[in-house]
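Chemist: Quick one, what's the 3D model for this:
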Amino acid sequence: MDSHSRETAYRILDASANRVFEGLRTIEEFYRFGLDDAEGTEQIKTMRHQLADAMKQIDRRDLLHSRDTDADVGTTIETTQEYKRSKLVDVLAAASQRVQQSLRTIEEYGKTIDGRFAKQVEAIRYRSYTVLKDCELKAIRNDRVTRLAVATLYALVDCMDSDVSLRMYVASLCEAGVDIIQLRDKNAPDRLLVQRGLVIAESLRDTNALFIMNDRADLAVLTRSDGVHVGQDELTVEQTRRIVGDELLVGVSTHDVEQVHQAIASGADYIGCGPTFPSKTKSFDSHAGIAFLEAVHRETKSTPRPAFAIGGIDASNLQQVAQAGFHRIAVTAAIHQAADPFAAARELKQQLTELRSRQSSGTK
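Modeler: Below is the predicted model:
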């Protein structure tokens, strides 16, 4: 290999190795500080050390002499997405791709210098596929759990009459402060549910709102939802997890304290509790009422889960719900059947915020 080709190879190896080390460090910090995951942190740290050991076979002086950052034309080339990272999961995805692509680059150009070195890097690359897959999936779940933890207003919507109307409606709900949107339409055929579900998923992509599919774990996967909500007559949490995996959220409807404890023990990410009041959109033989909410609040302090009161809740009775210890609600008619859904959603969100603030400050 002539001197120019050799210098080019070393320059590429130096730049690519730096990208790998930087990417791995970015991922390691998330495992360490974002997930408090000692095992994941150790895996990434080990990978960094393995690459550092492999790179010792390349004379570092040659790498440093080949480095010429000021003359690197790539430093001035930018893309529109390069500085756009709206969520931590986006940071992790970009870092993972950077690591894997750069490892392949090191492997290929390393073959021109030392085949044994290239073989070592190949092994690290294959290992990275498994480790970084785990990291990204954990990041996705962590992002969803984090958003769920601060969610207070959960709205149920149907398929509406068109993609356009649903898209506009969902956008208005997000703007009004709705944190979670569930697609629930018992009369819609599966294909329409998938079509409308994809509309919601796309509409929420760049927001902090979560998209939940009602009942159907299979459709939750197909529509790229953030989770699925099941009732007492649908699949169990364990059965649902077999379909959706660990990264999707699973919520469960509960109507008595025993069901609440069972849902929590089975690993539900959140619970719906009700019906609290007579509902305008769903008929029930009986209503669990405010007493049920008080019991849930009292008996789940040692096993907390985000719990949403549901059933006939609106601005006129929200204070009763809050006095029972609930500051999360799930509603349909209170928003969907309002003369101005946007204003109704915004009022509910403001009330929830004010009621929680009063409780925190100890005022009535």
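Chemist: The stretch 101-250 of the chain: strands as residue ranges?
Modeler: 153-157, 180-183, 210-214, 227-230, 249-254 (DSSP state E, counting those that start in this stretch).
Chemist: Flag every buried residue along the helix or strand residue 40 falls within.
Modeler: Element membership for residue 40, per DSSP states H and E: helix 38-55. The neighbour-count check on helix 38-55 (16 or more other CB atoms under 10 Å) flags 40, 41, 43, 44, 47, 48, 51, 54, 55 as buried. For every residue, glycine as well, the C-beta is placed using N, CA and C.
Chemist: for stretch 122-138, same thing?
Modeler: For stretch 122-138, the buried set under the neighbour-count rule, 16+ other CB under 10 Å, comprises 122, 124, 125, 128, 131, 132, 135, 136, 138.
Chemist: between these, which is closest to residue 169?
Modeler: Nearest to residue 169 among the buried residues of stretch 122-138: residue 136, at 31.3 Å, using CB to CB.
Chemist: Surely the closest one touches residue 97?
Modeler: No. Assessed by CB atoms under 8 Å, residue 136 is found out of contact with residue 97, at 9.7 Å.
Chemist: just to revisit the earlier point, and the buried residues of stretch 122-138 as CSV, adding pLDDT and distance to residue 293?
Modeler: What follows is the buried residues of stretch 122-138, written out as CSV (pLDDT from 0 to 100; distance: CB to CB, whole Å):
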residue, pLDDT, distance to residue 293
122, 97, 58
124, 96, 53
125, 97, 53
128, 96, 48
131, 94, 43
132, 94, 43
135, 91, 38
136, 91, 37
138, 91, 33
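Chemist: Pull up the gap between residue 295 and residue 331, please.
Modeler: Per CB to CB, to the nearest Å, residue 295 is found 21 Å from residue 331.
Chemist: Which one of these two is surrounded by more residues?
Modeler: residue 331 (28 against 17; other CB atoms under 10 Å).
Chemist: Give me the distance between the more buried one and residue 181.
Modeler: 11 Å.
Chemist: which residues are common contacts for these two?
Modeler: 154, 155, 156 (CB atoms under 8 Å, 6 or more residues apart in numbering).
Chemist: circling back to that earlier point, how about JSON lines for the buried residues of helix 38-55, with pLDDT added?
Modeler: JSON lines is the format used below for the buried residues of helix 38-55 (pLDDT from 0 to 100):
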{"residue": "40", "pLDDT": "94"}
{"residue": "41", "pLDDT": "95"}
{"residue": "43", "pLDDT": "95"}
{"residue": "44", "pLDDT": "96"}
{"residue": "47", "pLDDT": "96"}
{"residue": "48", "pLDDT": "96"}
{"residue": "51", "pLDDT": "96"}
{"residue": "54", "pLDDT": "95"}
{"residue": "55", "pLDDT": "94"}
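Chemist: name the helices or strands packed onto the lengthiest helix in the chain?
Modeler: In terms of residue count, the longest helix belonging to the chain (DSSP state H) is helix 115-149. Counting contacts by 3 or more CB pairs under 8 Å, 6 or more residues apart in numbering; DSSP states H and E, helix 115-149 is packed against helix 38-55, helix 88-110, strand 210-214, strand 249-254.
Chemist: did I read that right, residue 312 in a helix?
Modeler: No. Counting by DSSP: H, G, I helix; E, B strand; the rest coil, residue 312 is not found in a helix; it is coil.
Chemist: I figured it hits residue 277, correct?
Modeler: Yes. Applying CB under 8 Å as the test, residue 312 and residue 277 come out as touching, 3.1 Å apart.
Chemist: Can you pull the residues that touch both of these two?
Modeler: What both residue 312 and residue 277 touch, as defined by CB under 8 Å, 6+ apart, is the set residue 287.
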